[in-house]
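K.L.:
Provided below are the primary sequence and the corresponding predicted coordinates.
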Amino acid sequence: MIIGVGRWMWMEKVFQQFAQQNPNVSDIEFIEKGFAHINFDLAFEKGVENIPASGRVIVIANHPLGYLDGVGLLKAISAVRPDVKMLVNTALHNMLNMKQHTVAVDSFHGRLTKSSYATIKKHMQQEGVLVIFPSGLVSRRINGEITDLPWSSSFLRFADDFNAQVLPIYIDGKNSNAFYWLSRLTDPFAKSVLIVRELVMMKLLREVFSVQVNQRVKAYIGKSVALTDERLVDLSTEQKTAWFRQRLYALK
């Protein structure tokens, strides 16, 4: 009974049927077909020319939707730079089975395994693009505004370790009022109680097939910045993180 309810909540049959209907397609083509299925798209409204044509790039973005803004960025960026990988939570990494484009991370606790770091290191040494959501978790409604939770500074460490530029992208999307209500109730327990985390993630998944159907979400790309930029050299890690966050939200 419990397993059956879990499979229903995770919409297992929907994904199985869709996979059976679309065999032997590439990762990006699979995303495109999925978006067509629910009539959703994430489109770059401004700044495509700001994506460096080559070289190491750390893309940072706000995280308003959950599943769709992640795969949407993969789809959109791959049109310019096919050498793109993205940090995603372990559940989505396993669900998508797109190991060419995703790297698993425990987003609730900010943990990255040695294997995942090795994958990132190899990718960046090959001059690739890495997409990171610094908040780790999906945006919440705070004082009436849809905004990220506090950012991790890990993107700065990656940019420093691999001498990569940082490229901010603002995504103009939102979830349902029901999601924000649920997250407000569950956030105090999410890190310590597995079933609470699962509940939030399942709710996000079901948003894909309700709130986000027939939606076109706009994204705006800023200009890339090197950590050697004179505006950053005298700032602390916390100040640099705040600077990039402010710069990203200014794209709005």
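P.N.:
Everything's here; your move.

K.L.:
give me the low-pLDDT residue ranges for this protein?
P.N.:
Along the chain, the parts satisfying pLDDT under 70 run over 1-24, 91-96, 107-110.

K.L.:
residue boundaries of the helices in it?
P.N.:
2-9, 12-21, 27-38, 67-78, 90-96, 114-125, 154-161, 177-190, 194-208, 237-250 (DSSP state H).

K.L.:
How about Asn39, nearest residue that isn't a chain neighbour?
P.N.:
Ranked by CB to CB, 6 or more residues apart in numbering and with sequence neighbours excluded, the top spatial neighbour of Asn39 is Asn214, at 4.7 Å. Every C-beta, even on glycine, is put in place using the N, C-alpha and C of the backbone.

K.L.:
Glu45 and Val138, how far apart?
P.N.:
21 Å (CB to CB, to the nearest Å).

K.L.:
ok, and for the strand of greatest length in the chain, which residues are buried?
P.N.:
Longest strand in the chain, counting residues (DSSP state E): strand 165-172. Buried residues in strand 165-172, counted by 16 or more other CB atoms under 10 Å: Gln165, Val166, Leu167, Pro168, Ile169, Tyr170, Ile171.

K.L.:
How about stretch 26-45?
P.N.:
Residues of stretch 26-45 classed as buried: Asp27, Ile28, Phe30, Ile31, Glu32, Gly34, Phe35, Phe40, Asp41, Leu42, Phe44 (neighbour count, 16+ other CB under 10 Å).

K.L.:
can you list contacts of that stretch?
P.N.:
18, 22, 25, 68-69, 71-76, 78, 82, 96, 98, 100-101, 171, 173, 208-209, 212-221 (CB atoms under 8 Å, 6 or more residues apart in numbering).

K.L.:
now these: which count as buried?
P.N.:
Buried, going by 16+ other CB under 10 Å: 68-69, 71-76, 78, 96, 98, 101, 171, 173, 208, 212, 217, 219-221, out of the contacts of stretch 26-45.

K.L.:
What's the separation between the nearest residue to Arg197 once chain neighbours are set aside and Met86?
P.N.:
In space, and not counting its chain neighbours, Arg197 is closest to Ala190: 5.1 Å by CB to CB, 6+ apart. Look at Ala190 and Met86: by CB to CB, they are 22 Å apart.

K.L.:
which of those two has more neighbours?
P.N.:
Shown here are Ala190 and Met86; by other CB atoms under 10 Å, Met86 has more neighbours (24 against 17).

K.L.:
Pull the contacting residues for the residue nearest to the more buried one when sequence neighbours are not counted.
P.N.:
Nearest non-adjacent residue to Met86, counting by CB to CB, 6+ apart: Val131, 3.9 Å away. Counting by CB under 8 Å, 6+ apart, Val131 touches Val59, Ala61, Gly70, Leu73, Leu74, Ile77, Val84, Lys85, Met86, Leu87.

K.L.:
Make a markdown table out of those residues and add distance to Asp161.
P.N.:
A markdown table is the format used below for those (distance: CB to CB, whole Å):
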| residue | distance to Asp161 |
| --- | --- |
| Val59 | 16 |
| Ala61 | 20 |
| Gly70 | 22 |
| Leu73 | 22 |
| Leu74 | 22 |
| Ile77 | 21 |
| Val84 | 18 |
| Lys85 | 15 |
| Met86 | 18 |
| Leu87 | 14 |
